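A.B. asks: Fold the following and give me the result.
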Amino acid sequence: MPSRYSPSPRPCLYGGEYQGARRGVLLLNLGSPDSPAVEDVHRYLDEFLMDRRVIGLTQWVRYLLVKKMIVPRRAPRSAESYATIWDERAQNFPLITHSAAIAEQLSALRHEPVALGMRYGSPTTGEALEALASMPALEELVIAPLYPHYARSSYETAVAYALSELRRLGLGHLRVRLLAPFYADERYREALAASVRPYLEEPFDRLIVSMHGIPTSHIPKACRHDNGVVGGCASRRSWHERWGEEDCYRLQCEETKDYLCRDLGLAPEQVELVYQSRLGIHEWMRPYMSERIHQLVPGGVKRVVVVCPGFVCDCLETVQEIDDYYHGIFEREGGERFSYVPCLNSSPAFIQSLSELVESTLADPAALLSEENKRKYKH
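C.D. replies: Residues are numbered from 1 along each chain as shown. Here you go, the predicted structure:
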């Protein structure tokens with residue numbers, strides 16, 4: 001049976017006219033299915049969940065779990081959710097549309113080629129690298145994952161896969177630099193706070209900072225205790241620095257919440273950190289949004305503003321999960337106002353901050369790809 005969807009083409013190169021450019025940027029993002037058709041969602045979930053950095057089981061156990069249990073059951077339900085965010089006019093998903101706009105506008109601002117590659121789905125990371133390699137004068141490449149925070153199931157897997165594709169394509173002659181997670185960068189923080197500020201002009205009870213959850217097994221062992229006690233890692237930053245654990249996702253999420261509190265001039269009790277998108281029955285980062293949403297109204301919190309700073313682009317987890325599913329629960333349980341703050345997407349402030357981050361990466365000797373990084377990001 002033919003699909004009723006006609007997905008738009010997904011270009012991977014922007015700024016191809018800059019033939020003399022010696023530098024280029026590779027933007028990386030998660031990806032989306034080709035369409036909401038069940039077979040497309042099935043294929044996408046299969047690729048996503050078979051990634052060992054997403055489900056850290058032995059390959060044969062992961063194979064049985066993903067291909068025989070999770071995906072066959074989950075694909076039809078996920079397809080229904082994806083259908084709710086499918087843009088009929090653009091014939092695409094928001095994450096793809098926004099990512100492409102970021103690439104196009106960053107290229108125009110910097111006057112150099114920018115390629116867009118997805119970790120899963122299309123346009124692929126390999127296609128994006130091949131497009132950049134076709135630029136005749138290209139000598140230097142900045143890999144820029146569109147992830148403000150470090151997690152092995154997002155930033156790390158995207159970088160590892162990009163480096164493996166560089167090797168596969170024989171592009172070792174390029175000088176490669178890596179843009180680090182940028183959640184603490186003042187330029188990014190300013191753009192994020194500015195996007196939230198208009199939503200605080202009306203009276204509100206709580207600003208909820210909703211981060212994508214991950215299993216506790218993905219963070220350092222010393223950071224897993226007191227799961228759900230917000231501030232447990234942020235209060236121990238010196239320990240993270242001493243032991244080289246500054247990539248701890250819990251630390252970065254807690255500091256993001258603290259930065260927003262400070263940058264918006266709010267009292268600590270006005271800002272709350274939660275984690276969303278839990279999958280499976282094992283322990284993930286707490287507090288769970290799925291539990292907190294039922295506790296807000298009984299606790300006197302009837303007007304909320306929700307921001308998702310772990311996502312640069314609006315996607316299934318923000319548009320459908322937060323602003324549809326949880327929004328609906330909140331209102332049905334007596335909430336008076338649920339205001340969702342859209343992601344930064346291709347806003348001018350974010351494009352400018354991203355360009356400055358790329359420039360800083362080009363000027364930073366520590367950003368050059370090292371042997372240590374190659375080992376860390378082994379695919």
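
A.B. asks: start to end distance for stretch 261-276?
C.D. replies: Start to finish, the residues bounding stretch 261-276 are 20 Å apart (CA to CA, to the nearest Å).

A.B. asks: For that stretch, buried residues please.
C.D. replies: Across stretch 261-276, burial judged by 16 or more other CB atoms under 10 Å covers 261, 263-264, 266, 271-276. (C-beta placed from N, C-alpha, C; glycine too.)

A.B. asks: Which helix or strand in this protein has the lowest average pLDDT?
C.D. replies: helix 371-376 (a mean of 70; mean pLDDT, DSSP states H and E).

A.B. asks: returning to what we had before: and the buried residues of stretch 261-276, which is closest to residue 116?
C.D. replies: Lowest distance from residue 116 to the buried residues of stretch 261-276 (CB to CB) belongs to residue 276, with 25.2 Å.

A.B. asks: So what pairs up with the closest one in the strands?
C.D. replies: Assessed by DSSP bridges, residue 276 has beta-bridge partners residue 212.

A.B. asks: pLDDT score for it?
C.D. replies: You'll see residue 276 listed with a pLDDT of 98.

A.B. asks: burial measure for residue 91, as a count.
C.D. replies: By the criterion of other CB atoms under 10 Å, residue 91 has 14 neighbours.

A.B. asks: again but with residue 82, I slipped
C.D. replies: 22.

A.B. asks: can you list contacts of the host helix or strand of it?
C.D. replies: Here residue 82, judged by DSSP states H and E, is contained in helix 71-85. Here helix 71-85 makes contact (CB atoms under 8 Å, 6 or more residues apart in numbering) with 32-33, 36-38, 40-42, 45-46, 49, 93-94, 315-316, 319-320, 324.

A.B. asks: Now with 6 Å, please.
C.D. replies: 36, 38, 41-42, 45-46, 316, 319-320 (CB atoms under 6 Å, 6 or more residues apart in numbering).

A.B. asks: If any of those residues are buried, put those into a PyMOL selection.
C.D. replies: In PyMOL, this line selects whichever of those come out buried by 16+ other CB under 10 Å:
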select buried, resi 36+38+41+42+45+46+316+319+320
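
A.B. asks: Can you list which of the contacts of helix 71-85 are found in helices?
C.D. replies: 38, 41-42, 45-46 (DSSP state H).

A.B. asks: Now those residues in CSV, please, with extra columns for distance to residue 65 and pLDDT.
C.D. replies: Below are the ones in helices among the contacts of helix 71-85 laid out as CSV (distance: CB to CB, whole Å; pLDDT from 0 to 100):
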residue, distance to residue 65, pLDDT
38, 20, 98
41, 18, 98
42, 15, 98
45, 12, 98
46, 12, 98
